[in-house]
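Chemist: got a structure for you, letters missing:
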């Protein structure tokens, strides 16, 4: 170790490995429905796509969680996003292709992608 | 590419290891593999969470679900339900965290609510065998700051201003100790760490070393810079194999990363640390005996002065601090002396870790701000005394300490209040006693320990403690007299005043404090020949209440020595001359007819 800057750089790299364990009050939660219905409809690739996208952008304050059946099995895979200061947004019939747009527009810029939400399905 | 979305933290402290946490780790790895989750869920071995009574403990992030008493058979359910489908297995979650409408945060649970983890900040959070995790939580920042931005005098000044006092028992101001050593002029100085933790009820030093070994290494290097030493020794008992192993891993990693060794942070500062194993003698926790032991001699104390800061290890200026004291240092440097001084009371700053044990629901490790009352520790954090029994006293400071009776339960816990009521902080063992504990017996128990552990170098301790034990034994057998109590008390003061080291000077404390608060129990033993708690066998009589006895003969059939006789459906009697006072009859009787007293 030659300098404080070197230590800082190492810390920045290492922090990603423990970031998950912080007690968080703020930050965004991406909750993927992973009951049998969700998994059958393809929730796993959707979840992996979220993880990849979040990692690629090095977003620090976003966690991906799973949940059980929400009850609307015909609209699975369902993903709910809880962002601080915003109402919960429910996205339906998710595909890995839709994920990148949701991450960039909704999670990063705060603009809900309305056409993918449950509202757009006329419910 | 690894896309980790969840961390499974498994406690790898001694408590949870002995209840099988290693098997759990293997099982988790196997089940995750089976379910194709091993790339997205990471299993991490970590340090003590403090709630040892409920081990083995498993915490799953990001949800922060706190699973307690997890068995191998439960792993599959956690993997399939929680990790695969996201359904928290409520059955296994620590029941205090379960609420009607979901799961509440661990920080809101009684056990953790009043705690403030400073020394234990990383225990149960990071993997102690991975230096990068320590670096991720600000590890070695303090060392970097000290070496590149501060002078040794500024470091000492910061530690002084923080008000940190030694956590090993004495409570000597750490900054002042460092100041003395820095002013001693010598080419060679040493920094030592006391990890001997001899108090049989305390295990916080072990937990810090097991859960966060780098914090101690970092602090020792800081101390080295402050006093001008470049060699450190950690004296640790060989009975702590997990701690020793993790310390060695930590030292090796720190050297590999250039955080120990030559020219740290390119500042020309060298610092190296070696481990020295102790054989577990209580006296080796005393500073001069500890240093004699590091030198390779028999662990015996020597008179002070000269103090170690002037002539310590190999006659060179040395500072010796306890593990918990060191664990506070990096935070003080990072967050500032004022921050640290804002916690605690006027003369006792910061927090203290206590090992809660005895008759208490939440056995484990708790860290509280100084000034928290004993009541808060016992009733709120500790969850009270089990089985509806009444709190009688708490023993602090182990064999060197004293007891706090129920009448003083609102005493704030800090160095000075404890001394003023005849106890001491000690290393932080806190044993809770209920109405079934006999105080004379407790004093005898601790004396047995000190008699065993007295090194024998000085007469007051070697012979005095043995005589104390003999008098106590006489009293518990019902042969004591009132003069014995006076003699006991007088002898205590002689031993306190005349002994060479801390061991002898504090050995009479358990007797003195029980005499002070529970003299009536001593008198009951001597005058009435009775043990009020029913512990001392020689003074206990079992008898059968003829009115309650239904004559069922259950007790008579269970009695191992055939001391109970009688006719069916008529009251039975116990023959006191045959009775061995095992208490089986009392446990057997369904009508509460057997009485002890």
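Modeler: Arrived safely, thanks for sending. Note that this is a predicted model, so its numbers are computed, not measured. Residues are numbered from 1 along each chain as shown, chains lettered A, B, ... in the order given.
Chemist: Now do the same contact list for residue B:86.
Modeler: Residue B:86 makes contacts with A:31-32, A:34, A:65-68, as judged by CB atoms under 8 Å, 6 or more residues apart in numbering or on different chains. Where C-beta positions appear, they are placed from N, C-alpha and C, glycine not excepted.
Chemist: The spatially closest residue to residue B:11 that is not a sequence neighbour and chain A: what is the separation?
Modeler: Once flanking residues are discounted, residue B:11 sits nearest to residue B:57: 4.5 Å by CB to CB, 6 or more residues apart in numbering or on different chains. For residue B:57, the distance to chain A equals 14 Å [CB to the nearest CB, to the nearest Å].
Chemist: Tell me the residues of the stretch 101-250 of chain B that contact chain A?
Modeler: B:105, B:107, B:125-126, B:132-133, B:135-138, B:140-141, B:144-145, B:148 (CB under 8 Å from any CB of the partner chain).
Chemist: Out of those residues, list just those in helices.
Modeler: Applying DSSP state H to those, the entries found in helices are B:132-133, B:135-136, B:141, B:144-145, B:148.
Chemist: on that earlier part again, which of the residues of the stretch 101-250 of chain B next to chain A are buried?
Modeler: Among these, those scoring as buried are B:125-126, B:132-133, B:135-138, B:140-141, B:144-145 (criterion: 16 or more other CB atoms under 10 Å in any protein chain shown).
Chemist: Most proximal residue of chain B with respect to chain A?
Modeler: The minimum distance from chain B to chain A, using CB to the nearest CB, falls at residue B:86 (2.5 Å).
Chemist: what's near enough to touch the residue lying closest to that residue once chain neighbours are set aside?
Modeler: Nearest residue to residue B:86, sequence neighbours excluded (CB to CB, 6+ apart): residue A:66, at 2.5 Å. Listed by CB under 8 Å, 6+ apart, the contact set of residue A:66 reads A:31-34, A:47, B:84-86.
Chemist: Ok, residue B:77 next?
Modeler: Residues near residue B:77 by CB under 8 Å, 6+ apart: B:89, B:92.
Chemist: let's go with 7 Å and repeat that
Modeler: If a contact means CB atoms under 7 Å, 6 or more residues apart in numbering or on different chains, then residue B:77 has residue B:89 as its contacts.
Chemist: measure it to residue B:89 for me?
Modeler: Computed as CB to CB, to the nearest Å, the residue B:77 to residue B:89 distance reads 5 Å.
Chemist: what do you get for residue B:387?
Modeler: 29 Å.
Chemist: Those two: which has the busier surroundings?
Modeler: Counted by other CB atoms under 10 Å in any protein chain shown, residue B:387 and residue B:89 do not tie: residue B:89 has more neighbours, with 18 against 8.
Chemist: so that one touches residue B:83, yeah?
Modeler: No - here residue B:89 does not reach residue B:83: they are 10.0 Å apart, not a contact under CB atoms under 7 Å.
Chemist: can you pull out the strands in chain A?
Modeler: Using DSSP state E, the strands assigned to chain A run over residues A:28-33, A:62-67, A:79-82, A:89-91.
Chemist: could those go into a markdown table alongside mean pLDDT?
Modeler: Formatted as a markdown table, the strands of chain A follow (pLDDT from 0 to 100):
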| stretch | mean pLDDT |
| --- | --- |
| strand A:28-33 | 89 |
| strand A:62-67 | 84 |
| strand A:79-82 | 91 |
| strand A:89-91 | 92 |
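Chemist: give me the low-pLDDT residue ranges for the chain?
Modeler: I went with chain A, as the question did not name one. A:23-25, A:122-123 (pLDDT under 70).
Chemist: that's the wrong chain, I wanted chain B
Modeler: B:1-2, B:100-103.
Chemist: Please repeat the previous calculation with a cut-off of 80.
Modeler: B:1-3, B:96-108, B:169, B:597 (pLDDT under 80).
Chemist: Please compute how far stretch A:18-32 lies from its chain's middle.
Modeler: 10 Å (CA atoms, centre = their mean, to the nearest Å).
Chemist: Now do the helices for chain A: every range, in order, please.
Modeler: Counting by DSSP H, chain A has helices at residues A:4-18, A:36-41, A:43-56, A:96-101.
Chemist: quick one: contacts of stretch B:311-321?
Modeler: If you take CB under 7 Å, 6+ apart as the criterion, stretch B:311-321 is touched by B:166, B:174, B:177-178, B:181, B:184, B:186, B:188-194, B:223, B:227, B:287, B:290-291, B:294-295, B:308-310.
Chemist: Tell me the buried residues within those.
Modeler: Buried among the contacts of stretch B:311-321 (16+ other CB under 10 Å): B:166, B:174, B:177-178, B:181, B:184, B:189-194, B:223, B:227, B:287, B:290-291, B:294, B:308-310.
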